[in-house]
Structure formats: C-alpha cells, structure tokens
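Asker: Sequence below, structure please.
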Amino acid sequence: MGRLAKTLFFMLPIISTFAGFPLVGELSLSTSVFGTERSDMQVITRYLPAFEVTNNLTDSWDYDLEFRWQLSWTSFLDTPALSESTIQFEPYRIALNLQSSHSEYIIGLQKINFGPAKILRPLMWFDTLDPTDPLNLTSGVTGISASYYYDFGWSSRAWLLLPGEPMGWEAFPGKPGTLETGGRVEIPRNRGQIGVSSHFRIADISDFSPDDPDLYEGRIGLDGFWDVGVGLWVESVYKHQELSVDPFLDQIQATLGSDYTIWIGSGLHIMAEHMLIRSWNSPFIEDQTLQLSSGMISYSPSMFDQLSILLFMNWESETPLVYLSWRRSYDSIRFTLAALYTKVSGSAGRESLVTTGSSGKGIQLTVAYNH
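Answerer: Presented below is the predicted three-dimensional model:
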C-alpha cells in the first residue's frame, strides 16, 4: 500500500475528531488451533476503522459517504520473525451512497449480494461470505450500482463494475480494461418474492489458454422465496462460457432450501438446503454432476448466547464438514468459540465451504470489539 494511503489511515482519527464525526470500527483477535505442531496454530489480528458521513444533499436527496479500511496481521506460532508474518493493509469499503424516496445510487467499493439461499448460494456472484466466519467479512466490488423502488412493489437494480479477482464461484479474474454489467428485478408475490438476475463479463484465462485468453461469460439467475407455514426457497443459475471460437463450459446450479422454527424456549431454528451442480459442453473437462447438502440448527438459551451446529456434505467425494459454535454478545464486544471437523483443506474449492486453509479437527476463538 502506498505512503499516501497509510498516511490517510493514521490521520483518520484526527480528521474525524475535528470534523465532528466519531471514528467507529471493529477490532478483532482470532486464534485457531488445528493440531499439536506450532505450524498448526494461527493468530489473526484485524482492525476495520470506519469513517462515515451522512447528511442531506437537497430536500429530496440524502448522501452517505463510507470510508472503511482493513488492517490485518496473520502469523503462525512457528513464524520465526514478525517480518515473515502476513500483513495486509487495503480498502474494505469506499463508497458514496445517494438516496431518494424511490432510488439509490452507490459509487465505489461496495458490497453486492442477493438471493434467498443461506449457505449453498448459486447467486454468490459478488461476495465471499463464509458461514463459518464469525466476523461475516467479505471482499467488495468496485463500480456503480443503481436501484429503483416502484410504487406497485417491484424493485430493480443495475450495476456496472470494474474487473477484479475471482469472486464467489468464479475461477478466473476479470479481463483488465473491460467492464462487467448486469441487473436484477425483484417481484413480490403471494406471501413471497421472485427475483430474476443477469450478469455478463469477459474473464482473463491467459494462464490457462494463452492462445485464446478471452472467456466470454453470461449468467442468468431465477430465485424465489415463500412463507407457507415453513420458509421455502429456490435459487438457480444458468452459466454459459465460450472462447472466441470454441465452447468452454455450460453449467446449472440449483438450490432448494427450507427452514422452520420450533417454539421450544426462545425458539429452535432448523434450516436445510440441497444443491445440484451440473456442468457440460466443455472440451477441457468431462461432464459432471455434484450434489451438496447443508443443514443448520441454532438456539439461543439467553438473550446473550447463541448455539449453532452447521452440517455439510459433498456427496460426490463423500466429504463431510461439521462446525459447532457458541457466541456470547454484549453491547460492544462478542466472543465466538467454534469447533470444526472436515476431511479437506481450504484449497479443495468453494464447494467445500472451508476457507480456513486447514483440515482435520480444530478449534477457534474469536473476540471482536466494536467502538
């Protein structure tokens, strides 16, 4: 990160104080142990300061300016020196939000996510949300998004984004010098909602195919959510990829999910999802079908505590994942103690739901303080 960005970061408390706006943020410490060796013990310290200004622009327009950075330090106990630890200093959100009674425009580095699925999300196009992350962090995308809310209940959203690193289910980065574009329409229906989404981009696969490096990709998604005594949702995406002269891949992802709350004590929440991934029409890989399942049970024995268990299974590779967590929350501080069991490493792919980079059994303690 450049000297100017670092200077701005450390001047934020002074600038915000004199401007009359408090500096808010989150400071967290996460310790993970996945074995008995020192190399299996990881410590991550992270600070996300935020400077936010909200005011009226005109009688009918408001604006919100958000400036949020991420400073993190990651080290394993066998790291011999601080200089060999991983230090990241990068923008997390830098966005201008313009709002009126019927519309909203966001310009800059922002978070875009949608769809009713909770864990197995075909519409995970622009985020990296991980259900095992107690901090619920995700990278953002840079561009412009515009939303409009109609009097009859419909809403529409369009975006124009700069290319970046792979997000969600993407395997390749966007091609530099191009733009990504798409949109979404949400339609309320009887006791539910239907959504239609689309996106187009050109990916850079020069490392994979130097002679034909441009991969043209189009996606269309259809999703719906209904409350029929139980929560019921479906989320599906058709993705078509092709090179300049040859096909590359066709794929369908579809998730069916449901949840229900049993009124035992404060409420026992049960959720289950099943996902089908079908890929075909590729000269590079064989046609394949994957089936994934997930389930979650959560319960709050008190207003401060939440207990949950997340179960996951890749039926093709017979790969299980079990994640148990206990969270205690106060006004400004929360503690999360978690235990994880899986057979695969984080490099095994997004379908593993494991982003810790470790395999086997492990425990993790995360403390987060908000000011």
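
Asker: So what does the most centrally placed residue in the chain have for phi and psi?
Answerer: The centre of the chain sits closest to Leu129, judged by CA atoms, centre = their mean, with a distance of 2.4 Å. In terms of degrees, to the nearest 10, the main-chain angles of Leu129 are phi -60, psi 130.

Asker: so which helix or strand takes in Trp125?
Answerer: Using DSSP states H and E, Trp125 falls within no helix or strand.

Asker: Thought Met167 was touching it, still the case?
Answerer: Yes: the pair Trp125 / Met167 is scored as a contact, 6.7 Å apart, by CB atoms under 8 Å. Heads up, the C-betas are built off the backbone N, CA and C, glycines and all.

Asker: Which one's more surrounded, the two?
Answerer: Trp125 (24 against 19; other CB atoms under 10 Å).

Asker: contacting residues for that one?
Answerer: Residues near Trp125 by CB atoms under 8 Å, 6 or more residues apart in numbering: 112-113, 167-169, 197, 199, 219.

Asker: can we see that at 7 Å?
Answerer: Trp125 sits next to 167-168, 199 when contact means CB atoms under 7 Å, 6 or more residues apart in numbering.

Asker: Over to Leu243?
Answerer: 209, 212, 215.

Asker: Quick check: of the residues you listed, which has the highest neighbour count?
Answerer: Leu215 (23 neighbours).

Asker: for the residue nearest to the residue nearest to the centre of the chain when sequence neighbours are not counted, phi and psi?
Answerer: Nearest residue to Leu129, sequence neighbours excluded (CB to CB, 6 or more residues apart in numbering): Thr138, at 4.8 Å. When read as degrees, to the nearest 10, the backbone of Thr138 gives phi -150, psi 150.

Asker: any idea of the pLDDT on Thr138?
Answerer: pLDDT for Thr138: 94.

Asker: and it, how far is that from Trp125?
Answerer: Distance, Thr138 to Trp125, using CB to CB, to the nearest Å: 12 Å.

Asker: for Leu310, helix, strand, or coil?
Answerer: When states are read from DSSP: H, G, I helix; E, B strand; the rest coil, the local structure at Leu310 comes out as strand.

Asker: got the contact list for it?
Answerer: 131-132, 296, 323.

Asker: which non-adjacent residue is nearest Gly267?
Answerer: Gly267 sits nearest to Thr261 (CB to CB, 6+ apart), 4.8 Å away.

Asker: what's the neighbour count on that neighbour?
Answerer: Thr261: 14 neighbours (other CB under 10 Å).

Asker: From here on, call the first residue 34.
Answerer: Let's use 34 as the start, then, which means that last one is Thr294.

Asker: thinking again about what came up before, in strands, which of the contacts of Leu276 fall?
Answerer: Among the contacts of Leu276, the members falling in strands (DSSP state E) are Leu248.

Asker: all strands of the stretch 134-283 of the chain, in order?
Answerer: 136-143, 174-182, 188-194, 213-222, 225-237, 247-260, 264-275, 280-295 (DSSP state E, counting those that start in this stretch).

Asker: CSV for those, including distance to Thr369?
Answerer: Formatted as CSV, those follow (distance: least, CB to CB, whole Å):
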stretch, distance to Thr369
strand 136-143, 26
strand 174-182, 27
strand 188-194, 32
strand 213-222, 32
strand 225-237, 31
strand 247-260, 28
strand 264-275, 25
strand 280-295, 22
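
Asker: Export those strands as TSV, with columns for mean pLDDT and distance to Ser312.
Answerer: Formatted as TSV, the strands of the stretch 134-283 of the chain follow (pLDDT from 0 to 100; distance: least, CB to CB, whole Å):
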stretch	mean pLDDT	distance to Ser312
strand 136-143	97	30
strand 174-182	98	25
strand 188-194	98	25
strand 213-222	96	21
strand 225-237	97	16
strand 247-260	97	14
strand 264-275	98	9
strand 280-295	97	5
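
Asker: do you know which of the ones you listed lies nearest Gln321?
Answerer: strand 280-295 (9.7 Å; CB to CB).

Asker: Can you tell me the strand partners of that closest one and which way each runs?
Answerer: Strand 280-295 has its sheet partners listed here by DSSP bridges as strand 264-275 (antiparallel), strand 301-313 (antiparallel).

Asker: By mean pLDDT, flag the weakest helix or strand of the protein.
Answerer: Taking mean pLDDT, DSSP states H and E as the measure, the chain has helix 36-52 as its least confident helix or strand, at a mean of 48.
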